[in-house]
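# Prediction below, plus the sequence it came from.
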Amino acid sequence: MSQRVRIPPVEPLARRLARKPSAARASRGAALAALKADAEFPDIDIEDSIDLVLSRAAQLVVAAASDRPWAVRLGHARDLVSFCVLAAFVVYAWGVLS
């Protein structure tokens, strides 16, 4: 019997936390309370990934406050390039295996 492993939604949680006031991001407990108060995500996901969420939320806040929007666009470009590389690998593997 196989078991399913849940991958916690770190990015949506971090974006939600980045939109909260800075007091909600001040400590681990405050962040937990702020995210649980929304009741949008399961508590187990929030508790399992709070450390990653806090670090990603800090990155998002710094990027949003930056006067360098190219840094954000560069991150999106990196994501797009990695997706294209993955798609190219799938096409290549499909061609080899068929």
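Yes, it's here.

# Next up, the contacts around the residue nearest to the spatial centre of the chain.
Nearest to the geometric centre of the chain sits residue 11, at 1.8 Å (C-alpha atoms, centre = their mean). Taking C-beta atoms under 8 Å, 6 or more residues apart in numbering as the contact definition, residue 11 lies against residue 56. For glycine as for every other residue, the C-beta is placed from the backbone atoms N, C-alpha and C.

# so what's it scoring on pLDDT?
Note on residue 11: pLDDT of 90.

# what helix or strand does it sit in?
Using DSSP states H and E, residue 11 falls within helix 10-18.

# So in this protein, which helix runs the longest?
Using DSSP state H to define each element, the chain has its longest helix at helix 69-97.

# so what secondary structure elements neighbour that one?
helix 43-65 (3 or more C-beta pairs under 8 Å, 6 or more residues apart in numbering; DSSP states H and E).

# how many neighbours does residue 24 have?
19 (other C-beta atoms under 10 Å).

# can you check residue 54 too?
The local packing of residue 54 (other C-beta under 10 Å) involves 18 other residues.
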